[in-house]
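# Curious how this folds, go ahead:
(chains A and B)
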Amino acid sequence: MRRSASRKTGQPNSTPSLNSSPADLFRSASSKATTKELERIDALYHSYANGSSAMIDPEGIEALCSDMEVDHTDVRILMLAWKMKAEKQGYFSLEEWRRGLKALRADTVNKLKKALPELEKEVKRPTNFVDFYSYAFRYCLTEEKQKSIDIESICELLDLVLGSQFREQVDFFVDYLKTQNDYKVINNDQWMGFYRFCNEISFPDFSNYDPELAWPLILDNFVEWMLAKQS
Amino acid sequence: MVAKTFTVEEGWEYMKNNGILKLIRILEGLSEPSFTIAESMMLYTTVYNMCNQHPRPDNSEKVYKKYQEVFEEYIIPKVLPSIKEKHGELMLMELVKRWVNHKVMIRWLSRFFEYLSRSYLVKKLDFSPLEELGVTRFRNLVYLEVGRNAIDVVITLINKEREGQQIDRGLLKNVSDFFIEIGSECINCYEMDFEALMLRDTSEYYSHKASKWIVEDSCPDYMLKASECLKRERDRVSHYMHPSTEKKLVEKVQHELLMVKSKQLLEKECSGFCALLREERVEDLSRMYRLYHEIPQGLENIASIYKEHITGEGTALVKEAEDAATNQLCGLQVLIRKITKLLDKYVALVKDLFSNHSLFNKALKEAFEVFCNKAVAGRSSAELLAASCDNILHKGGNESDEDIEETLEKVVKLLAFIYDKDLFAEFYRKKLARRLLFDRGANEDHEKSILSKMKQQCGGLFTSKMEGMVTDIILAREYQTKLVEYLRSNSNANPGFDFSVTVLTSGCWPTYKSFNLSLPTEMAKCVQVFKDFYDTQTKHRRLTWIYSLGTCNINAKFETKTIELIVSTYQAAALLLFNSSDRLSFSEIRTQLNLTDDDLVRLLHSLSCAKYKILKKEPNTKTISPTDNFEFNYKFTDRMRRIKIPVPPVDERKKVIEEVDKDRRYTIDAVIVRIMKSRKVLELQKLVIECVEQLSNMFKPDIKLIKMRIEDLITRDYLERDQDNPSMFKYLA
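Numbers count the residues shown, from 1 in each chain, chains lettered A, B, ... in the order given. Take a look at the predicted model:
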């Protein structure tokens, strides 16, 4: 039975287009897509998937990115992965693909591309952003039982994920990470701590920072380093 | 009895003429006989009749009103002016006199009008009783008018007495009693008016005095004056004020004289607290303690200056030692001795002068902690203290047993102030090992005694390993006796010379690396023999040989004489090689002995480039290089028949510090896990506090190290940070 997904726009039996209000996209994320759409989504999947593994692999993603005219290192791809709840970095499974595209109401590359700005906005909402930020770290844990990410990758990830929002903090912290010798990897606690840090601590004076509180030690050292530089 | 019908006016006329005016004449001191019983009765009856008219109206209310008016009609024209026309003391005397009169008046009138109490007032419970009414009248009409003046006069007199003049104390007592009696339940005239103003004035008075004295007087003199003042004020209260005033008055005086000026007083240049300490002015210090002890938080300033003073002296001693730049042990001993003397001095002071008050003990402890943890000449205080103990326990001192015991006792006391107790323990252990293994006849009693003192101070865990080491040495002696017997009964086992073996329990002793030194055959036989013997004594024990710790006595036949050389096992092994070869190269020696280059260099250096050149080195340079060649130095001689050839010990300091750091990480981890396991959820700051407390017997962890360990434990999934409250940590089972 064809499911009508257009209650909100008040037009029965019409496929909601991307011209409908943004709210619709999100409210109807509980996949009220039509069977036709589902078929197209699957077809799109298979056009990028690797024949033998039946997953979209890094090559496939690169192809997808070039079709969308987005660089594959662009943060929006990460956001897409988040939306899909993709588990393995560089790969999309069919289930993940379906999940994401259904939620975005996209069944063609074009629609997917056009969905990206909205996706960005959605991610940037405070309630979602923490989740996205946390996801970004997990997504980069490629080995089984891996708990931390090397400094080099973290620096890139920070820039990608927080660069637009906390430019200065990220720049200085990345500087520090590259200079210091105490830590070779960053764990999830430190990763999440940094986000809290950016939100709560006044920059660049750090006037409300108290190292006796439970901030991760690496941030204590970072603040010390910054204050020493400034004096 | 039937009431006569007469009006209130008629009855009142009678009252006035026969009662009130007569009473007034009595009060005014005019010659007037007192009331007879009959007269009293009549007056009482008249009141009764006035109230009980027949037919009713009840005139009680009118009578009650008239009663009140009696007072007014006397006080306003007569009493008040007589007080007001006088001044100063005379005014007070008049006031007192009038008040006494008034009390008499109330007494008589209450008697006359008693019927009202029994009948009218019983029904009107919220109306004042007669006596109270009388007092109220006086209060409203007299006290409110002249009270302030009276208080001012009293205060003036008090100040006169303070300045040393005599005053009429009896009068003041009476006035004070007046203030007390004139009040009511709701209006405490004494406290609210008199006492309040008096206290305020007292504050001003003493504030003024304090400002004057603090400039003019030395600290001891000032305190004497303060002490006097307090005594006099207490005396004053007991003579003419209500006892409840004493506490408040004393507080004011203490505040103005002692607290407000406390900083200036204590810090006075030549006579303040520090000066008194230096000059050991016992009496003045005792007085200071007594004076400030009573004041809440009064001792805090003094205790903090005490701490500063001690810290200053201690730090100066440390600096003195540092400047003398002595790495010499005797310089160090001097410093330790001076510090222990300082400790004795100030502990005695706290006990004798400050009643062992906890505030001062704390100040002392904190002061010592400050300078006892300073490094001197690059060596930590933990190391220095261990070196000092080593020095005392080394064989060869001329001090008596009692002196040594005493010194050891004092040195162990200093251990209490050292933060890095675990570092001390490590250095101590290393030095203890050397003493036990190389100091023949080291005094076991002293060793055991210092261990028991340390155990008392720091707990059994602290000393358990060291005690094990001492036990090993005692056991070794027993084994040696058994070994000798064994050799006697097994002649083929006997290698032909004396040897002894010391078995060390590996957990107690510092870790030693064992190298597979290629032993000369003679020694190898000893090893085998001992192994066989040891197997007969114990089961399931594995022996690992540490040749680097052994010593050997060799007879070296030089050209001119034979000299006995006391060398290490390594040195002996090297020398014995020359029994079969005249000349050996560095690499040949290395192959034959199977030692590392570093060890070999040190070893050969001690035999060929140091004080005693047992081996000739080619080329004859000051250092060893891998291309050198060695020969036995036949020409060597010395006037002694027996010489010891030391190998300089490797500087283990860095290694010790590294080991201790590593151990600390494990210890902190264990403590954190233990705390979190029992608390399940805990805030960082509380966790840190508990950690520091639990570790206080070993070392003082800084918060960074604790945080680092917590983060490590998070990575290892022992703990996690709470999602909602980032300063809380949760234990993960």
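# Quickly find the element holding the nearest residue to B:Lys561 once chain neighbours are set aside.
If the residues on either side of it in the chain are set aside, B:Lys561 comes closest to B:Thr637, at 6.4 Å by C-beta to C-beta, 6 or more residues apart in numbering or on different chains. The C-beta positions use only the backbone N, C-alpha and C, and glycine is treated the same way. Counting by DSSP states H and E, no helix or strand carries B:Thr637.
# ok, how many other residues are close to B:Thr637?
Using other C-beta atoms under 10 Å in any protein chain shown, B:Thr637 has 12 neighbouring residues.
# list the contacts for it?
B:558-561, B:563 (C-beta atoms under 8 Å, 6 or more residues apart in numbering or on different chains).
# Is it possible to mark the buried ones in those?
For those, a neighbour count by 16 or more other C-beta atoms under 10 Å in any protein chain shown gives the buried set as B:Ile563.
# which pair in the contacts of B:Thr637 spans the largest distance?
Across the contacts of B:Thr637, the longest distance by C-beta to C-beta is 11.1 Å; it joins B:Glu559 and B:Ile563.
# Am I right that B:Lys635 is in contact with B:Phe558?
Yes - counting by C-beta atoms under 8 Å, B:Lys635 does reach B:Phe558; the two are 7.3 Å apart.
# Tell me which residues touch the residue in chain A that chain B sits nearest to, please.
Here chain A gets closest to chain B at one residue, A:Ala214, 3.7 Å apart by C-beta to the nearest C-beta. When contacts are counted by C-beta under 8 Å, 6+ apart, A:Ala214 is found next to B:683-685, B:707, B:721, B:726-729.
# Which element, helix or strand, includes it?
Short version, using DSSP H and E: A:Ala214 is in no helix or strand.
# Can you read off the pLDDT for it?
Note on A:Ala214: pLDDT of 88.
# Please apply the same query to B:Leu565.
92.
# cool, and B:Thr202?
95.
# what about the nearest residue to it once chain neighbours are set aside, distance to chain A?
Spatial nearest neighbour of B:Thr202, excluding adjacent residues (C-beta to C-beta, 6+ apart): B:Lys252 at 5.2 Å. B:Lys252 is 41 Å from chain A, where distance means C-beta to the nearest C-beta, to the nearest Å.
# Up against chain B, what does chain A have?
Contact residues (C-beta under 8 Å from any C-beta of the partner chain) of chain A with chain B: A:147-148, A:187, A:189-190, A:193, A:196, A:211-214, A:216-217, A:220.
# ok, of those residues, which come out buried?
Among the residues of chain A next to chain B, those classed as buried by 16+ other C-beta under 10 Å are A:148, A:187, A:189-190, A:193, A:214, A:216-217, A:220.
# Narrow these to those in strands?
Judged by DSSP state E, those include A:148, A:187 as members of strands.
# what's the farthest-apart pair in the buried ones among the residues of chain A next to chain B?
Largest pairwise distance in these, by C-beta to C-beta, is 19.3 Å, between A:Ser148 and A:Ala214.
# Tell me, how many residues neighbour the closest residue to B:Arg590 other than its chain neighbours?
Distance criterion C-beta to C-beta, 6+ apart; nearest residue to B:Arg590, sequence neighbours excluded, is B:Leu600 at 5.4 Å. A count of neighbours around B:Leu600, defined by other C-beta under 10 Å, yields 20.
# now whichever strand or helix holds B:Leu600: mean pLDDT?
B:Leu600 is part of helix B:597-608, with elements assigned from DSSP H and E. Per-residue pLDDT values over helix B:597-608 give a mean of 88.
# Stretch B:224-232 now?
95.
# got the residue ranges for the strands in chain A?
Applying DSSP E to chain A gives strands spanning A:148-150, A:185-187.
# so where's the chain shaky on pLDDT?
Picked chain A for this. A:1-33 (pLDDT under 70).
# oops, I was thinking of chain B
In chain B, residues with pLDDT under 70: B:1-6, B:53-57, B:325-330, B:395-398, B:440-442.
# what does it put close to chain A?
Residues of chain B lying near chain A by C-beta under 8 Å from any C-beta: B:683-685, B:703-704, B:707-708, B:711, B:714-715, B:721, B:726-729.
# rewinding a little: looking at the contacts of A:Ala214, which are in strands?
Per DSSP E, the subset of the contacts of A:Ala214 in strands is B:683, B:721, B:728-729.
# tell me the secondary structure for B:Lys616?
Here B:Lys616 is recorded as strand under DSSP: H, G, I helix; E, B strand; the rest coil.
# Tally up the residues packed near it, please.
B:Lys616, neighbours per other C-beta under 10 Å, totals 16.
# show me the residues around it that make contact.
B:608, B:630-633.
# For those residues, which entry has the maximal number of neighbours?
B:Phe630 (25 neighbours).
# returning to what we had before: from the contacts of B:Thr637, pick the one nearest chain A.
B:Ile563 (54.8 Å).
# With adjacent residues omitted, what lies nearest to B:Lys453?
Nearest one to B:Lys453, counting by C-beta to C-beta, 6+ apart, is B:Val412 at 4.4 Å.
# how many other residues sit next to that neighbour?
22.
# in terms of contact, does it touch B:Gln457 like I think?
Yes - counting by C-beta under 8 Å, B:Val412 does reach B:Gln457; the two are 5.9 Å apart.
# which residues does whichever residue of the stretch 101-250 of chain B sits closest to chain A contact?
For the stretch 101-250 of chain B and chain A, the shortest gap (C-beta to the nearest C-beta) falls at B:Cys219, measuring 39.5 Å. Contact partners of B:Cys219, counting by C-beta under 8 Å, 6+ apart, are B:265-266, B:268, B:271-273, B:275-276, B:284.
# Show the backbone phi and psi for the residue of chain A closest to chain B.
Phi and psi for A:Ala214, reported as degrees, to the nearest 10, are phi -80, psi 40.
# residue ranges of the helices in chain A, please?
A:22-27, A:35-48, A:58-68, A:75-84, A:94-104, A:109-124, A:126-139, A:151-162, A:167-179, A:188-200, A:217-230 (DSSP state H).
# now these in TSV, with distance to B:Met91?
Shown next, in TSV, are the helices of chain A (distance: least, C-beta to C-beta, whole Å):
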stretch	distance to B:Met91
helix A:22-27	91
helix A:35-48	109
helix A:58-68	106
helix A:75-84	94
helix A:94-104	98
helix A:109-124	86
helix A:126-139	80
helix A:151-162	85
helix A:167-179	80
helix A:188-200	72
helix A:217-230	72
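# From B:Ile675, how far off is B:Cys458?
According to C-beta to C-beta, to the nearest Å, B:Cys458 stands 21 Å off from B:Ile675.
# ok, now A:Arg167?
41 Å.
# Which one of those two is surrounded by more residues?
The neighbour comparison of A:Arg167 against B:Ile675 (other C-beta under 10 Å) goes to B:Ile675, with 17 against 11.
# what about the nearest residue to the more buried one once chain neighbours are set aside, how many neighbours?
With C-beta to C-beta, 6+ apart as the criterion, B:Ile675 has its nearest non-adjacent residue at 5.3 Å, and that residue is B:Glu690. Counted with other C-beta under 10 Å, the neighbours of B:Glu690 add up to 17.
# List the buried residues in the helix or strand harbouring B:Glu690.
Secondary structure assigned from DSSP H and E places B:Glu690 in helix B:684-695. Neighbour-count burial for helix B:684-695, counted by 16+ other C-beta under 10 Å, picks out B:684, B:687-688, B:690-692, B:694-695.
# what's the closest of these to chain A?
B:Leu684 (3.7 Å).
# you'd agree the closest one is up against A:Leu213?
Yes - applying C-beta under 8 Å as the test, B:Leu684 and A:Leu213 come out as touching, 6.8 Å apart.
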